[in-house]
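Novice: sequence first, then the predicted structure, then my questions.
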Amino acid sequence: MKAVLQRASSASVTVEGETVGRIGAGLVVLLGVERGDGPGDLDWMARKVAELRMFTDDEGKMNLSVEDIKGEVLVVSQFTLCADCRKGRRPGFGNACEPDRAEKMYEDFVDRLRRRGLTVATGTFAAMMDVELVNNGPVTFILESPETN
């Protein structure tokens, strides 16, 4: 499982001209589910996203998590994170999880964040989306779950 986390002042996702998700200060999470990902990957990723200290404290140090600041989270499915671009000029998507299973894993990831008490908005799985964000910092991290299945 892969995720790109971007600290945001605000963000929204639009599908066919309609805003389907919007947050204030918090995180935008682009989530890619790979073949072989399982419950252990979901647990690890949800915990890491909720607890990663990427927000600044009163001294300007990254000591606070999205939970600590009571921030919001916008989760957007992003199968292209699973692309293999090492050969040729066209990305290969053989590592991406099949759509039905990926959607279930995506929904389970969102549910895990909500059970932690986070306010979570989402995009629409497998839709063409326009994502707008004000990247605060900018602060961006790339996460890959260890093999925890």
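Specialist: Thanks, I have it.
Novice: helices and strands around the longest helix anywhere in the chain, which ones?
Specialist: In the chain, with assignment by DSSP state H, the single longest helix is helix 99-115. Under the contact criterion of 3 or more C-beta pairs under 8 Å, 6 or more residues apart in numbering; DSSP states H and E, helix 99-115 touches helix 39-51, strand 72-77, strand 119-122. Using the backbone N, CA and C atoms, a C-beta is placed for each residue, glycine as well.
Novice: need these in TSV (columns: mean neighbour count).
Specialist: Shown next, in TSV, are those (neighbours: other C-beta atoms under 10 Å):
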stretch	mean neighbour count
helix 39-51	18
strand 72-77	24
strand 119-122	18
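Novice: quick one: closest of those to residue 63.
Specialist: When these are compared by C-beta to C-beta, helix 39-51 sits nearest residue 63, at 11.9 Å.
Novice: how far off centre is that closest one?
Specialist: Taking C-alpha atoms, centre = their mean, to the nearest Å, one finds helix 39-51 lying 11 Å from the centre of the chain it belongs to.
Novice: how about low-confidence regions in this structure?
Specialist: Judged by pLDDT under 70, the chain has its weakly predicted residues at 147-149.
Novice: in it, which residue is closest to the centre?
Specialist: Centroid-nearest residue in the chain: residue 29, 2.2 Å away (criterion: C-alpha atoms, centre = their mean).
Novice: for residue 106, find the nearest of the helices and strands packed on helix 99-115.
Specialist: Nearest of the helices and strands packed on helix 99-115 (C-beta to C-beta): strand 72-77, 5.0 Å.
Novice: run through who's touching that closest one.
Specialist: 8, 11-13, 21-33, 49, 66, 102-103, 106, 109-110, 113, 118-123, 125-126, 129, 131, 133 (C-beta atoms under 8 Å, 6 or more residues apart in numbering).
Novice: do that again at 7 Å, thanks
Specialist: 11, 13, 21, 23-24, 26-31, 66, 106, 109-110, 113, 118-123, 125-126, 129, 131 (C-beta atoms under 7 Å, 6 or more residues apart in numbering).
Novice: so among those, which ones count as buried?
Specialist: Buried by 16 or more other C-beta atoms under 10 Å: 11, 13, 21, 23, 26-31, 66, 106, 109-110, 113, 118, 120-123, 129, 131, out of the contacts of strand 72-77.
Novice: so residue 46 makes contact with residue 110?
Specialist: No. Using C-beta atoms under 7 Å, residue 46 is not in contact with residue 110; the gap is 8.9 Å.
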